[in-house]
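Colleague: Predicted model, plus sequence, below.
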Amino acid sequence: MDIGIIALTKNGANLGYKLHKMMNYSSFYVKDKFYREGPNVISFTEKMKVLVKDIFKKHDCLIFIMATGIVVRSIAPFINDKKTDPAVLVMDERGTHVISLLSGHLGGANEYTHRVANLLGANPVITTASDVSGTIAVDTLAMKLNCKIEDFSEATKVTAHIVNEERVGIKSQIPIDFHLPKNIEVQQEKIDNSLKGLILITNKEEVNKPIDDTVVLRPKNLIVGIGCRRNKEYEKIQEALEESFRDLNLSTKSIRHFATVDVKKDEVGIKKLADKFERPLKIVAREKVKRVEDKFIGSDFVKKTIGVSCVCEPVAFLTSNKGNFIQRKRAFDGITIAIFKEGDKNWT
């Protein structure tokens, strides 16, 4: 993660240089009068608000070594949304306390706070209710499980039930291998209607919500293999994808990545699709496809054209960590789509 450290005073600068050397992928912004040459050390002369405007979106985490009031006034104009704001930490210049100020859960500020405190022997100051009470917030749960929250307003409601020690159910398609608070109860097929809240972890688009306060988390466990004719229009590929998902009642928010063969790595329509859904595009070498292509129905024409007899099924299979088919090859006009559910051993 990319970290920005900022200091204004002499003592703050000394602590900043120390922390900068201890952390990977960090940049240190220091007032010009305390500048010492070094890797990724940047001097500044402008006012704090001007500097913050320039760097607020450049880093995953910002660590300010100065008074909390200065930081609050400096970042206030640039705070937008907890889903996108960076983690913000504040330290006193003696390194006695480290405060998680902004984006404690989704931005990872709480975790950064503990990390910095451990490095410096400081006192971590965490104020989020779920952490103070030893429970877990829905957004923290989603982060741990690499899930996407469907509705943040519902997440807030369910988190309130958890923090207030009310009974909340959880029903999940994926394994949960860490301890849950005692008031979060695992549900099987039948859901207890007396629950105050419910967490559903599913890749299904349409779901039954028997509890009013229900939040849906989307696990990123679907692999989409794609093949297509050269220069196939992006819009047609998107239509094929969405039709496949709609017919299977699957959520596109659960796509972990797309996959195709190396000869299609520059196919504009496929690349644009991956960009549209903000998911990675994995490229599989034809030599790897050749090792498994006999497991799938192939085409002599495709074999003659690109050197392998099939694309969408083997590339999905090879990048799924021994997952299972949800949809075998489905052909559209010049497009093929296969969908795998990723193997549980690599679900995060």
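Modeller: Nice, I can see it.
Colleague: Any idea which residue is closest to the centre of the protein?
Modeller: Residue closest to the mean C-alpha point of the chain, counted by C-alpha atoms, centre = their mean, is residue 146 at 5.9 Å.
Colleague: The stretch 201-348 of the chain: strands as residue ranges?
Modeller: Taking DSSP state E, counting those that start in this stretch to define them, one finds strands in the stretch 201-348 of the chain at 214-219, 222-228, 255-261, 281-284, 324-331, 335-341.
Colleague: can I get these in CSV with mean neighbour count, distance to residue 117 and mean pLDDT?
Modeller: All C-beta atoms are positioned from the backbone trio N, CA, C, and that covers glycine. What follows is those, written out as CSV (neighbours: other C-beta atoms under 10 Å; distance: least, C-beta to C-beta, whole Å; pLDDT from 0 to 100):
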stretch, mean neighbour count, distance to residue 117, mean pLDDT
strand 214-219, 24, 29, 96
strand 222-228, 28, 38, 96
strand 255-261, 24, 33, 96
strand 281-284, 19, 37, 96
strand 324-331, 16, 43, 93
strand 335-341, 24, 39, 96
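Colleague: Nearest spatial neighbour of residue 211, chain-adjacent residues omitted?
Modeller: residue 198 (4.0 Å; C-beta to C-beta, 6 or more residues apart in numbering).
Colleague: Go ahead and confirm that neighbour touches residue 213.
Modeller: Yes - using C-beta atoms under 8 Å, residue 198 is in contact with residue 213, at 7.1 Å.
Colleague: More neighbours: which of those two?
Modeller: Between residue 198 and residue 213, counting by other C-beta atoms under 10 Å, residue 198 is the more crowded of the two (26 against 19).
Colleague: can you tell me which residues contact that one?
Modeller: 158, 168-171, 187, 191, 209-211, 213-215 (C-beta atoms under 8 Å, 6 or more residues apart in numbering).
Colleague: How is this protein divided into domains?
Modeller: Here the domain parsing of the chain from automatic domain parsing is 3-127, 138-219, 222-346.
Colleague: Pull up the distance across the second one, start to finish.
Modeller: Read that as domain 138-219. One end of domain 138-219 sits 13 Å from the other (C-alpha to C-alpha, to the nearest Å).
Colleague: Quick check: pLDDT value at the closest residue to residue 240 other than its chain neighbours.
Modeller: Once flanking residues are discounted, residue 240 sits nearest to residue 332: 4.2 Å by C-beta to C-beta, 6+ apart. Predicted confidence (pLDDT) for residue 332: 95.
Colleague: thought residue 332 was touching residue 233?
Modeller: No - the criterion here is C-beta under 8 Å, and residue 332 misses it with residue 233 at 11.6 Å.
Colleague: Fine, thanks again, bye for now.
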